[in-house]
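**Student:** Provide a 3D model corresponding to the input given below.
(chains A, B, C and D, ligands or ions: 2)
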Amino acid sequence: MVDPFVFYLAIFVLAIFVGYYVVWSVTPALHTPLMAVTNAISSVIIVGALIAAAANANVENGWIAKGAGGLAAGLAAVNIFGGFLVTQRMLAMYKKKEKK
Amino acid sequence: MVDPFVFYLAIFVLAIFVGYYVVWSVTPALHTPLMAVTNAISSVIIVGALIAAAANANVENGWIAKGAGGLAAGLAAVNIFGGFLVTQRMLAMYKKKEKK
Amino acid sequence: MNADLAALLYLVSGVLFILALRGLSSPETSRQGNNFGMLGMAIAIATTLWLVSPDTTTLMIIVGAVVIGGGIGALIARSIKMTAMPQLVAAFHSLVGLAAVAVAAAAFYAPESFHIATADGGIKMSSLIELALGTAIGAITFTGSVIAFAKLNGNMSGAPIMLPARHLINIAIAVAIVALVVMTIQDGGRTAWHFWAIAGLSLLIGVLLIIPIGGADMPVVVSMLNSYSGWAAAALGFTLENVALIITGALVGSSGAILSYIMCKAMNRSFISVILGGFGAADGATAAATGIQRSYKAGSADDAAFIMKNASKVIIVPGYGMASAQAQHSVREMADMLKKEGVDVKYAIHPVAGRMPGHMNVLLAEANVPYDEVFELEDINNEFSQCDVAYVIGANDVTNPLAKTDPQSPIFGMPILDVEKAKTVLFVKRSMGGVGYAGVDNELFYRDNTMMLLGDAKKMTDEIVKGL
Amino acid sequence: MNADLAALLYLVSGVLFILALRGLSSPETSRQGNNFGMLGMAIAIATTLWLVSPDTTTLMIIVGAVVIGGGIGALIARSIKMTAMPQLVAAFHSLVGLAAVAVAAAAFYAPESFHIATADGGIKMSSLIELALGTAIGAITFTGSVIAFAKLNGNMSGAPIMLPARHLINIAIAVAIVALVVMTIQDGGRTAWHFWAIAGLSLLIGVLLIIPIGGADMPVVVSMLNSYSGWAAAALGFTLENVALIITGALVGSSGAILSYIMCKAMNRSFISVILGGFGAADGATAAATGIQRSYKAGSADDAAFIMKNASKVIIVPGYGMASAQAQHSVREMADMLKKEGVDVKYAIHPVAGRMPGHMNVLLAEANVPYDEVFELEDINNEFSQCDVAYVIGANDVTNPLAKTDPQSPIFGMPILDVEKAKTVLFVKRSMGGVGYAGVDNELFYRDNTMMLLGDAKKMTDEIVKGL
Ligand SMILES: NC(=O)c1ccc[n+]([C@@H]2O[C@H](COP(=O)([O-])OP(=O)(O)OC[C@H]3O[C@@H](n4cnc5c(N)ncnc54)[C@H](OP(=O)(O)O)[C@@H]3O)[C@@H](O)[C@H]2O)c1
Ligand SMILES: NC(=O)c1ccc[n+]([C@@H]2O[C@H](COP(=O)([O-])OP(=O)(O)OC[C@H]3O[C@@H](n4cnc5c(N)ncnc54)[C@H](OP(=O)(O)O)[C@@H]3O)[C@@H](O)[C@H]2O)c1
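**Tutor:** Residues are numbered from 1 along each chain as shown, chains lettered A, B, ... in the order given. Ligands and ions are numbered 1, 2, ... in the order given. Prediction:
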């Protein structure tokens, strides 16, 4: 059996290639929304926060983990809602010339 | 434990994205070498051929596998040498204007 | 089976994030892309909740956190001014950084929940390394972004703060962090203060790294920190064995790095020189003082209105001044009036006009300027020679011909908009003394075909609108 | 440990293959890219040999196969004419397809070696599906490529062969293949004839799919088969749990698909219409017959030499005729002479000029034409109006203005090179009767500013060189 780490590494390496190409293909006019949306998606770290919040409260330090998880979930939520909504707001403003 | 299949699938999906972007970024002037080199690299199927050739000769049908492996290795070798060398030959021809 | 399905769903959400960025390749597809992003996030969250099957307490914590956090986020997103985007992005980054530290702390205190505990109650070595990396990068992102926010938002002076021997201090702290990581590994992650020391020193280094960098270089810093937050997420993704987190980390990491690169390239500065700091307001004043006596032609709003009304082609060149005066709506109005007079109006955007990439585009979009009237440098630069008027509003460095002629100038080599080729250049700025971001005088002000319109960008444009 | 290291090495080789394709984004980096590709292949082979640690017999088989195969490959690579590249690529694809079938057969017969055997001596279901997929796609690639080779190489007429009820036959075979796959799964892969029946039927369908497609559509077919061979490799990669194979399969699969798309797009045809076949030499003759009476201006090589010597700008437009006459060296010579006379010479290449993507570029490169004198359609198309002479050598469809004006024409909507805007168009072809690939008459022949140079492309150009 191959150690899963190797797979994660492979996924990471390929994702860097994808990131490289996908970002270069973003039009410069949308670089500000790009910054906002990368911000939003990097808050997927909330999955870690949820796991932490679900830590067993009865083990030693369980409540520390739960608290940290709750904090992280809240912070990430600010970003998720804030990031996606502000991006949406910005993108809604980009309009083509109306045909007359 | 996550089934390795999921990892291979993830790698496959990401590699398709990479392939998409990397091929679109190939300059049209090099489309012929592109066809030749993809040909060469698809012969990495030779790894399967080598495994087949190394099959245990003593089990039932072992020799069939060995034979098929040898055949596949030979075919793939034609492609590997042929593909990379012809690409090299082509690429060597692309020259810039000499400075006078 | 559950784990397999979850991994698949995380893969789906990673792919949706890729599609979210891919959508940004054109305004038409961008909105759908953003929806993909939200869907991806929803899938990731739902999958995690399903996996951990939280009890009531946990659920209350989570719901509470998400409702409060989400509410604040939504509120900010609705009320924020478009001109404040650079600050906002910096503020958001700081939160991602802090969240990463909190998650790492939780994993450190409750390794069983994260499946990284060893049989004897310690933490796996590989996980400790990943956690330490995630903590350090997250903490640097946090304090660094806070400083960047304060500088951009004006809560803190933009001037670089240069501590003596700062490089030595930084190196010493970095060495200490590495030593602590080694200690915590040897000890299997059983000593809490190791973790907090790593976090604390990283917070400190985040501050020290950013204070010597001038306020105007903050956009590059923000982008760099964005990249860092990506790598922190990826490091934690390895610990959590989470495909979505790894893919996202790599995407965000690349994105930030590429944007920093694009900015440095368009400013013709090396990334290293930005990071080393010291570039900022200080040198500006001196450079500006030299040019102050030269003669220039000043004009009024009515003069400008007259010239533009009689032009057949006008190119508007917005810059940082338009953003700080919030003049984008007035500019759109002016353009509409001109178009009614039969004038052909276009906008020319330099890649680093304003204070963040795409800054001008988003402001013009806010003012309802159709994006097909807005052109990038390469696409419009050779049209200046055929246009009657270049209306430069709050842009300065990006039009400065010194970038082509004076190898001594700090902006030498930066590609510029060739506004000087227009028949007439109208230059809106508040005073002859004020300089742009790079702090250099602009030769254009003193040319024969230039007319200076001194005044606030918004007021001046509004007056021109009246004059039309 | 061994398995981990091997997986890492396969990842490295996959990444090297990505870099190999990435290198092709410009001629400067392409040679290094090719070296990366070779290195990646070497690593993949070495890793596999290390993993299987072959005994002497095995080693002899492998070395024998590689020496013979590699020798043949090297020989072909050295001796092949550049004009025969389309055939060569088709031939190579057929080998990949056949190799995939052979590997699948081996896995079917010796599942233990491939770690896909179940405890009771059968084969895992997922592996059986992957094997069946690999076999079917591989077999189709094999026979399909053989037919494509024969049509391109002239061993077989290019005319489409349309069996009656061919769609029905194809569907019936496809259904039979699916049924066989189900049977072999139910039976755990214990019955050899299942496998051979799948392979056999797939070989048959490969033939049936390609014979109705006209010879001139073969480039699209070759590219499509390239894509198939990629997917076959990826399917086997899943069985072999081999990262290099999976990555490569995805790369090759995308590459072939994108090239097919580019070709169809540039010809303004739908991929479906290519695959359904029937487009070919037949309709050409009739269409050409109609235009034969119209009057045109013919010229001699000396006339052409005189006109070009006195021009200040000449654009050369090569097409399939240059390839088939092997006139590229003569063209280069002519261009050199003209340049000596002070004439500005450039080359304009249409994306589907010739018979495969990039065909003209590789021929011109062979004739030592510097690639910075060679321009793509978008980059040069507006220069025709400023040039004195367009020297069209063996190109036809790609210059045909009908594509813009006649919605009935089979090439309508295809972007063309605007040679008609040149002051003088010199048109080299063998006869007024001959038509291009699309089989339509070219209105340009009868224009006032066109001079026809009737004769073989190479001979005509050589004579012009003498005239200069
Ligand atoms: N966009 C990015 O991503 C980014 C990132 C980092 C750095 N930068 C740098 O930022 C600079 C951007 O260039 P730029 O041409 O846009 O701006 P700039 O060179 O910074 O010049 C701004 C101009 O606007 C005027 N101004 C300021 N406030 C005004 C107001 N309220 N009304 C009217 N005029 C006003 C200023 O003169 P007064 O003070 O006299 O009014 C000045 O002439 C470049 O040097 C670039 O390298 C950009
Ligand atoms: N490049 C690709 O990837 C690709 C793929 C699929 C299809 N196609 C199709 O192929 C066509 C390519 O267009 P094209 O303009 O390059 O070529 P074309 O339209 O096929 O025309 C070839 C021309 O060359 C002349 N010719 C042939 N042999 C000659 C010789 N020995 N000496 C002088 N002239 C000779 C022919 O006339 P005579 O017979 O009178 O000499 C004809 O006018 C397009 O229709 C395209 O859609 C291309």
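**Student:** From now on I want contacts and neighbour counts done on CA atoms only, so please keep to that.
**Tutor:** Noted.
**Student:** Okay, now the unreliable bits of chain A?
**Tutor:** For chain A, the stretches flagged by pLDDT under 70 are A:98-100.
**Student:** just checking, what's the longest helix in it?
**Tutor:** helix A:62-93 (DSSP state H).
**Student:** Show me what that helix is packed against.
**Tutor:** In terms of contacts (3 or more C-alpha pairs under 8 Å, 6 or more residues apart in numbering or on different chains; DSSP states H and E), helix A:62-93 is packed against helix A:31-42, helix A:46-53, helix C:27-52, helix C:56-79, helix C:85-109, helix C:359-366.
**Student:** can I get these in CSV with mean neighbour count and distance to chain B?
**Tutor:** Formatted as CSV, those follow (neighbours: other C-alpha atoms under 10 Å in any protein chain shown; distance: least, C-alpha to the nearest C-alpha, whole Å):
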stretch, mean neighbour count, distance to chain B
helix A:31-42, 28, 18
helix A:46-53, 30, 17
helix C:27-52, 20, 13
helix C:56-79, 18, 25
helix C:85-109, 29, 19
helix C:359-366, 26, 26
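**Student:** Between the ones you listed, which one is closest to ligand 2.
**Tutor:** For the helices and strands packed on helix A:62-93, the distance to ligand 2 is smallest for helix C:27-52, at 29.9 Å, taking C-alpha to the nearest ligand atom.
**Student:** hang on, C:I123 packs against C:Q186?
**Tutor:** No - using C-alpha atoms under 8 Å, C:I123 makes no contact with C:Q186, being 10.4 Å away.
**Student:** More neighbours: which of these two?
**Tutor:** Each of C:I123 and C:Q186 has its neighbours counted (other C-alpha atoms under 10 Å in any protein chain shown); C:I123 has more, 25 against 11.
**Student:** contacting residues for that one?
**Tutor:** Residues in contact with C:I123 (C-alpha atoms under 8 Å, 6 or more residues apart in numbering or on different chains) are C:F108, C:P111, C:I116, C:A117, C:G188, C:G189, C:R190.
**Student:** now those in CSV, with secondary structure, distance to D:I198 and pLDDT?
**Tutor:** Converted to CSV, the contacts of C:I123 look like this (DSSP: H, G, I helix; E, B strand; the rest coil; distance: C-alpha to C-alpha, whole Å; pLDDT from 0 to 100):
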residue, secondary structure, distance to D:I198, pLDDT
C:F108, helix, 55, 91
C:P111, helix, 52, 89
C:I116, coil, 47, 87
C:A117, strand, 50, 86
C:G188, coil, 56, 85
C:G189, coil, 57, 82
C:R190, coil, 60, 85
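**Student:** Name the member of those with the most neighbours.
**Tutor:** Result: C:F108 is most packed of the contacts of C:I123 (other C-alpha under 10 Å), 27 neighbours.
**Student:** Could you pull up the contacting residues of that one?
**Tutor:** C:I123, C:L131, C:G189, C:F195 are the contacts of C:F108 under C-alpha under 8 Å, 6+ apart.
**Student:** Just give me the least confident of the residues you listed.
**Tutor:** Among the contacts of C:F108, C:G189 carries the lowest pLDDT, at 82.
**Student:** Look up how far ligand 2 lies from it.
**Tutor:** C:G189 is 61 Å from ligand 2, where distance means C-alpha to the nearest ligand atom, to the nearest Å.
**Student:** just C:S229 next, same as before
**Tutor:** C:S229 is 45 Å from ligand 2, where distance means C-alpha to the nearest ligand atom.
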